[in-house]
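Peer 1: What would the 3D arrangement of this be:
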Amino acid sequence: MPPAAAALASALRAALAAIRVAILPDRRLWLMVGFGFVGGLPLALSGFTLRQWLTERQISLGAIGLTANIGLAYTLKFLWAPLLDQMAPPFGLARFGRRRGWLLVLQPALAGMVAVLGLSGGGPLWGTLSAAALVAFLSATQDIAIDAWRIETFPQRLQGAALAGYVWGYRVAMLVSGAGAIAAAGWLGWSGSFLAVAALLALGIPLTLAAAEPAAPPPRPPVASGLAARARTAVLEPLREFLGRSGSAAILAYVALFNLGEAMAGVMLAPFYRSLGFDRAAVAAATGVPSLICTMAGIAAGGWLVARIGLAQALISTGLTQMAAMAMYVWLAYSHGDHTVLFATVMTEAFVQALATASFVTYLSGLCSVAFTATQYALLTSLAALASHTIGGFSGFLAEAVGWPVFYLLAMGGAVPGMLVMLVILRRFPPAAR
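Peer 2: Predicted structure coming up:
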């Protein structure tokens, strides 16, 4: 076995052993891994996998770029999250409890809609895009219910382990519905591949039935009735507290700009790879296990870096590294379909993006007030994802106009504004001061 492959295999065995040791003592943590798996399956289906399918259907780059807007459901899910707290599950499923009842509403609907998406290939494009949008909406709503189940089920000392189990299941699921679904389309066809993922999603139903409903929350103090009063309590007060801080406008600008370069680059990867002559087998191989291992390694390295050199220095170093690594796409554009360069680009990008994300999420977590942690974190993460699902939607038109090498140079430049704002924030409002 080549040394690089042996190193990757060793890293995977170590990660699996760590996960097994961490989650084995508590059955609920195994359930959390399962919830992560059913939570992660739909994401690629309405994202990268969908764009790969549309690319093979000869859909225009502009239309493919606009599919980024489908992911707005994940960005805006905080808007309807209160409904799952305040409304009883319908169809008589309230007898299973508030959290499990809503999951039992959502999971069959989600599996069914993925099947509809898979069968939409012979119809008009708007039918496929509508089904994908509904998949994203149901998936985002399932995420709300799973997050609520996790927070209410686990004591504080196990929240970190629960989240680790969820992320592991989520990442494996993204591998299955991303690279796995693309590879399976070669022998099952696209419809068969999507139907197979729909069957896997249906496993969420027995998983939910096997889970215990969290204890009912203690009675809350009465709140003023009326939509305006509820909105003020749920959203406006946390916003007012955050905006009252020094440097809040600059911080929000940095959060919104952090992912701009990656948003431009990432949306167009499927047509970019195909234009270079890479078939679905090559794309599945590059974005599969090697990418997953590099992502997990990047997350671990990012956490170590924050502890080793401090959050401010970690934000600077990982931000610069992430921006520089985007030059790999320019190299790939000139590589004439070299598979070695493809693997190097995908693995490098997976590692450095996870590296930067670890520092960025640490920064976001530190911004949240104890009194408003859930709401402020949801709003901040939604703002961070906004570029991917708005500006990223126009990247196809830009790529058509300038060509791939110039497009990825511009995407690289898209990271500069966020870096400049970050340097101002770290100088005037360092993390330790908040």
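Peer 1: Low-confidence ranges, the stretch 151-300 of the chain, go.
Peer 2: For the stretch 151-300 of the chain, the stretches flagged by pLDDT under 70 are 151, 155-164, 216-235, 300.
Peer 1: mind listing the helices for it?
Peer 2: 159-175, 181-202, 204-210, 227-231, 237-243, 248-257, 260-267, 269-275, 280-286, 289-309 (DSSP state H, counting those that start in this stretch).
Peer 1: how distant is the second one from the center of its chain?
Peer 2: It refers to helix 181-202. 21 Å (Cα atoms, centre = their mean, to the nearest Å).
Peer 1: Now it - C-alpha only, PDB.
Peer 2: Taking Å, rounded to 0.1, in the frame of the first residue of the first chain, the C-alpha atoms of helix 181-202 are listed here in PDB:
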ATOM      1  CA  ALA A 181     -25.300   8.500  -5.100                       C
ATOM      2  CA  ILE A 182     -23.300   9.800  -8.100                       C
ATOM      3  CA  ALA A 183     -21.400   6.500  -8.400                       C
ATOM      4  CA  ALA A 184     -24.700   4.500  -8.000                       C
ATOM      5  CA  ALA A 185     -26.300   6.400 -10.800                       C
ATOM      6  CA  GLY A 186     -23.800   4.600 -13.200                       C
ATOM      7  CA  TRP A 187     -25.600   1.300 -12.700                       C
ATOM      8  CA  LEU A 188     -28.900   2.200 -11.100                       C
ATOM      9  CA  GLY A 189     -29.600   5.300 -13.200                       C
ATOM     10  CA  TRP A 190     -30.400   8.600 -11.500                       C
ATOM     11  CA  SER A 191     -33.900   7.700 -10.600                       C
ATOM     12  CA  GLY A 192     -32.800   4.400  -9.000                       C
ATOM     13  CA  SER A 193     -30.000   6.200  -7.100                       C
ATOM     14  CA  PHE A 194     -32.400   8.700  -5.600                       C
ATOM     15  CA  LEU A 195     -34.900   6.000  -4.800                       C
ATOM     16  CA  ALA A 196     -32.200   4.100  -2.900                       C
ATOM     17  CA  VAL A 197     -31.400   7.200  -0.800                       C
ATOM     18  CA  ALA A 198     -35.200   7.600  -0.200                       C
ATOM     19  CA  ALA A 199     -35.200   4.100   1.200                       C
ATOM     20  CA  LEU A 200     -32.300   4.900   3.500                       C
ATOM     21  CA  LEU A 201     -34.200   8.000   4.700                       C
ATOM     22  CA  ALA A 202     -37.200   5.800   5.600                       C
END
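Peer 1: follow-up on the earlier one: I'd like the helices of the stretch 151-300 of the chain written out as TSV, with distance to Gly47 added.
Peer 2: No exception for glycine: its C-beta is placed from N, CA and C like everyone else's. TSV is the format used below for those (distance: least, Cβ to Cβ, whole Å):
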stretch	distance to Gly47
helix 159-175	9
helix 181-202	11
helix 204-210	19
helix 227-231	31
helix 237-243	29
helix 248-257	20
helix 260-267	9
helix 269-275	9
helix 280-286	14
helix 289-309	14
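Peer 1: and stretch 319-337, which residues are buried?
Peer 2: By neighbour count on 16 or more other Cβ atoms under 10 Å, the buried set for stretch 319-337 is 319, 322-323, 325-326, 328-330, 332-333, 335.
Peer 1: hang on, the earlier thing: so which of the helices of the stretch 151-300 of the chain is the most packed in?
Peer 2: helix 260-267 (a mean of 24; mean count of other Cβ atoms under 10 Å).
Peer 1: what does that helix rub up against?
Peer 2: 51, 64-65, 67-68, 322-323, 326, 329, 353, 387-388, 391-393, 395-396, 398, 407-408, 410-418 (Cβ atoms under 8 Å, 6 or more residues apart in numbering).
Peer 1: Could you check the angle that helix makes with helix 248-257?
Peer 2: 20 degrees (axes from the mean of the first three to the mean of the last three Cα atoms, to 10 degrees).
Peer 1: what helices or strands is the host helix or strand of Pro82 leaning on?
Peer 2: When elements are defined using DSSP states H and E, Pro82 is found to belong to helix 81-86. Helices and strands touching helix 81-86, as assessed by 3 or more Cβ pairs under 8 Å, 6 or more residues apart in numbering; DSSP states H and E, comprise helix 98-118, helix 125-153.
Peer 1: Recalculate using a threshold of 6 Å.
Peer 2: helix 125-153 (3 or more Cβ pairs under 6 Å, 6 or more residues apart in numbering; DSSP states H and E).
Peer 1: Which secondary structure elements does the helix it packs on sit against?
Peer 2: helix 27-45, helix 72-76, helix 81-86, helix 98-118.
Peer 1: State the distance from Ser275 to Arg240.
Peer 2: Noted for Ser275: a distance of 48 Å to Arg240, by Cβ to Cβ, to the nearest Å.
Peer 1: picking up where we left off before, please name whichever of the helices of the stretch 151-300 of the chain is nearest to Ala145.
Peer 2: helix 204-210 (9.2 Å; Cβ to Cβ).
Peer 1: Now the helix holding Pro82: average pLDDT?
Peer 2: The average pLDDT for helix 81-86 rounds to 72.
Peer 1: starting at the chain centroid, how far to that helix?
Peer 2: So, by Cα atoms, centre = their mean, the centroid of helix 81-86 is 22 Å from its chain's centroid.
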